[in-house]
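Undergrad: next come a sequence and a model predicted from it.
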Amino acid sequence: MNREVRVRFAPSPTGPLHIGGVRTALYNYLFARRHGGKMILRIEDTDSQRFVPGAEDYIIESLKWCGIEIDEGVGVGGPHAPYRQSERRELYLKYATQLVEAGWAYYAFDSAEELDVLRKEYESRGETFAYNFKVRTTLPTSLSLSKEEVEERIARGDIWVIRFKMPENEIVKMHDLIRGDVEVNTSTLDDKVLYKSIDALPTYHLANIVDDHLMEISHVIRGEEWLPSLPLHYLLYKAFGWTDTQPEFAHLPLLLKPTGGGKLSKRDGDKMGFPVFPLHWVSPTTGETARGYREDGYFAEAFINMLALLGWNPGTEQEIFSMQELIDAFSLDRVSKAGARFQPDKAKWFNAQYMHAKTAEELCPIYQPILREHGIEVSDEVAGKAAFIMKERATFVSDLWDLTSYFFIAPTEYEEKQLKKYWKGDNPARLAELREVLASIDDFSLENTEQIVHAWITEKEYGMGQIMNTLRLALVGAGKGPGMYDVTSFIGKEECLKRIDYLLANVKPLE
């Protein structure tokens, strides 16, 4: 690539950022880093009616949590500031009127009510109304009104819009980096609104073309839902005379429901019990809440790894990727054209893989708050060791308390099934014998304790399973947990003896 790679993620602050949007940001970021380019964050807040307070901050925080670094843009600054479209509003009218003067656009003065009447008239005849070359000269536009009347209407404050004058019966030839060559006849397209006088703001179509040009964007990587807009965007570059610097386009496949039918939505997550947003969200206007991957206990790197493989295939069997590995492997030619079905269980699987790979030092700071919630104050070394011993059985950090609570709290009640099975016959007496063996051990390390106890069991010709499961009952209170010597070495000799004594003294053996 001869041109510097500059990509942008340009969300609208209309609510929480959907994971489909996060994936778009991620693919832009991976592409930029892969080619030594820049990642720009632009906030497209020209739709004032749908603006939601707090949404912009949510977007920025989500990207930070995901590890998607911004080189230029909102919150960072840069040579093309400002990066909020509402702060660039003075720019757009100049470009819109430039198109009118060049014959590529026109003023339209019809109201929304008048257009509704027209649509109903068409519907009554079994036809569909389209604002296009067939009707634009019959409606109150600068194509049918005199120049004086147009100027008079604007001067007296009439509401107007500027519409693109779509050419009639021309073939627009386009290229998409994922979908290949595409052709569209302009006669099938309508005259889109580019600018509205009522709020002095552009629509998406004008603003994003102007900003992409001024910000020197080299590649536009966005969702499949924008593919129908591509002919208009190609023609806008042509109308402005910017075809030489026009970016390349890539339209990403949709994220589909787990059932495969249709786009993944919040409703799907609510119904099936999984989040569709990166962070927890509370609507400032309605109070409605939405679950987030972060708050549900997912690691950011697991979330990103899962998202990267929804629509992109590395071409190998590898599934676990660090961010740098994703950057090194990513290419648009391995992005699928077809929609990618979201699999909630696969998201959990990814989180479990990252959990299992963590060291005791990595687990400690995320497990300590959970221990403190349960009133447990231990050193970082102890917290990390407990989490490390049981990490293979956990999917989320929140699972660890149930898996390790007996490390910190001695059992006073015992699982009924285990009592019936092991607290009978010779087992209580043999546990009392084992207590004396354990009391005689000076080096209570895992290896030494295991060696001495196994030698004693062999010498006495006792059943290994009976002895070890009775010891598990005393130390854990249930038929769960890691190897018994992991437990003995963790809680230490004094605590082992105390727990055995409690069971012997307080629970009558079953007949």
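TA: Great, that's in hand.
Undergrad: please make it C-alpha for all contacts and neighbour counts, starting now.
TA: OK.
Undergrad: got a list of contacts for whichever strand or helix holds Tyr106?
TA: Element membership for Tyr106 (DSSP states H and E) is strand 105-108. For strand 105-108, contacts defined as Cα atoms under 8 Å, 6 or more residues apart in numbering pick out 96-97, 99-100, 139-143, 150, 160-165.
Undergrad: how far off centre is it?
TA: The chain centre lies 40 Å from the centre of strand 105-108; the measure is Cα atoms, centre = their mean, to the nearest Å.
Undergrad: may I have it as PDB, with CA atoms only?
TA: Output of strand 105-108 as PDB, limited to C-alpha atoms (Å, rounded to 0.1, in the frame of the first residue of the first chain):
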ATOM      1  CA  ALA A 105     -27.800  18.700  -5.700                       C
ATOM      2  CA  TYR A 106     -30.900  20.900  -5.300                       C
ATOM      3  CA  TYR A 107     -33.000  22.600  -2.700                       C
ATOM      4  CA  ALA A 108     -36.400  20.900  -1.800                       C
END
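Undergrad: average pLDDT for that strand?
TA: Mean pLDDT, computed over strand 105-108, is 98.
Undergrad: could you pull out the helices in the stretch 301-450 of the chain for me?
TA: Secondary structure of the stretch 301-450 of the chain by DSSP state H, counting those that start in this stretch: the helices cover 323-329, 344-357, 360-373, 380-390, 400-408, 416-422, 427-439, 446-460.
Undergrad: remind me what the second one packs against, helices and strands.
TA: Read it as helix 344-357. Where contact means 3 or more Cα pairs under 8 Å, 6 or more residues apart in numbering; DSSP states H and E, helix 344-357 is packed against helix 300-308.
Undergrad: quick one: buried residues of the helix it packs on?
TA: Within helix 300-308, the residues that count as buried by 16 or more other Cα atoms under 10 Å are Ala300, Glu301, Ala302, Phe303, Ile304, Asn305, Met306, Leu307, Ala308.
Undergrad: ok, of the residues you listed, which one's closest to Ser124?
TA: Leu307 (46.6 Å; Cα to Cα).
Undergrad: residues contacting the closest one?
TA: Under the criterion of Cα under 8 Å, 6+ apart, the neighbours of Leu307 are Ile19, Arg23.
Undergrad: same check on Glu224?
TA: Applying Cα under 8 Å, 6+ apart, we find Glu224 in contact with His251, Leu252, Pro253, Leu254.
Undergrad: for it, give me the pLDDT.
TA: Residue-level confidence at Glu224 comes out at 94, pLDDT.
Undergrad: Thr285 too?
TA: pLDDT, Thr285: 87.
Undergrad: any idea how far Arg89 is from the closest residue to it other than its chain neighbours?
TA: Excluding the flanking residues, the one nearest Thr285 by Cα to Cα, 6 or more residues apart in numbering is Val52, at 7.9 Å. Here the criterion is Cα to Cα, to the nearest Å. By it, Val52 lies 19 Å from Arg89.
Undergrad: where in the chain is pLDDT low?
TA: 1 (pLDDT under 70).
Undergrad: repeat that for 90
TA: 1-3, 46-51, 89, 112, 199, 260-261, 285, 510-511 (pLDDT under 90).
Undergrad: would you mind finding the longest helix in it?
TA: Secondary structure assigned by DSSP state H gives helix 484-506 as the longest helix of the chain.
Undergrad: and that helix, what's buried?
TA: The neighbour-count check on helix 484-506 (16+ other Cα under 10 Å) flags 484-491, 493, 495-497, 499-500, 503-504 as buried.
Undergrad: same question for stretch 215-235.
TA: Going by neighbour count (16+ other Cα under 10 Å), the buried part of stretch 215-235 is 215-224, 230-235.
Undergrad: now do the same end-to-end measure for that stretch.
TA: 19 Å.
Undergrad: before we move on, back to that, which residues sit against the helix or strand following the strand holding Tyr106?
TA: Downstream of strand 105-108, the next assigned helix or strand under DSSP H and E is helix 112-124. With contacts defined as Cα under 8 Å, 6+ apart, helix 112-124 is touched by Thr128, Phe129.
Undergrad: and for stretch 488-507?
TA: With contacts defined as Cα under 8 Å, 6+ apart, stretch 488-507 is touched by 386, 407-408, 410-412, 428, 431-432, 435, 438-439, 444-446, 471, 474-475.
Undergrad: buried members of these into PyMOL, please.
TA: To isolate the buried members of these in PyMOL, using 16+ other Cα under 10 Å:
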select buried, resi 386+407+408+410+411+428+431+435+438+444+445+446+471+474+475
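Undergrad: related to what we said a few turns ago, from the buried residues of stretch 215-235, which is closest to Asp110?
TA: For those, the nearest to Asp110 is Leu232 (21.9 Å; Cα to Cα).
Undergrad: chain center to the helix or strand harbouring that closest one: distance?
TA: Using DSSP H and E, Leu232 sits within helix 230-240. Distance of helix 230-240 from the chain centroid (Cα atoms, centre = their mean) equals 32 Å.
Undergrad: next SSE after it?
TA: Heading C-terminal from helix 230-240 (DSSP H and E), you reach strand 248-252.
Undergrad: between its first and last residues, how far does stretch 47-57 reach?
TA: 17 Å.
Undergrad: who's in contact with that stretch?
TA: Residues contacting stretch 47-57 (Cα under 8 Å, 6+ apart): Ser12, Pro13, Thr14, Gly15, Pro16, Leu17, Ile43, Asp45, Thr203, Pro284, Thr285.
Undergrad: and for stretch 361-381?
TA: Around stretch 361-381, the neighbours that count as contacts under Cα under 8 Å, 6+ apart are Ala360, Ala383, Gly384, Lys385, Ala387, Phe388, Val397, Ser398, Leu400, Trp401, Phe408.
Undergrad: change it to 7 Å
TA: Residues external to stretch 361-381 that are found in contact with it (Cα atoms under 7 Å, 6 or more residues apart in numbering): Ala383, Gly384, Ala387, Val397.
Undergrad: out of the residues you listed, who's nearest Gly273?
TA: Closest to Gly273, out of all of those and judged by Cα to Cα, is Val397, at 18.5 Å.
Undergrad: burial of the closest one, as a residue count?
TA: With neighbours defined by other Cα atoms under 10 Å, the count for Val397 comes to 20.
Undergrad: cool, Asp296 as well?
TA: Residue neighbour count, defined by other Cα under 10 Å, stands at 16 for Asp296.
Undergrad: and if you look at Leu256?
TA: Counted with other Cα under 10 Å, residues neighbouring Leu256 total 20.
Undergrad: could you do the one 5 residues further on as well?
TA: A count of nearby residues for Gly261, using other Cα under 10 Å, gives 10.
Undergrad: what's the spacing between it and Ala340?
TA: Note on Gly261: its distance to Ala340, by Cα to Cα, is 11 Å.
Undergrad: same check on Val276?
TA: Counting by Cα to Cα, the gap from Val276 to Ala340 is 14 Å.
Undergrad: higher neighbour count, these two?
TA: Val276 (25 against 21).
Undergrad: now stretch 339-353: buried residues?
TA: Within stretch 339-353, the residues that count as buried by 16+ other Cα under 10 Å are Gly339, Ala340, Arg341, Phe342, Gln343, Pro344, Ala347, Lys348, Phe350, Asn351, Ala352, Gln353.
Undergrad: list the beta-bridge partners for the third one.
TA: Beta-bridge partners recorded for Arg341 (DSSP bridges): Leu256.
Undergrad: who touches it in this structure?
TA: Per Cα under 7 Å, 6+ apart, neighbours of Arg341: Leu255, Leu256, Lys257, Pro258, Gly260.
Undergrad: what subset of those residues is buried?
TA: The buried subset of the contacts of Arg341 - by 16+ other Cα under 10 Å - is Leu255, Leu256, Lys257, Pro258.
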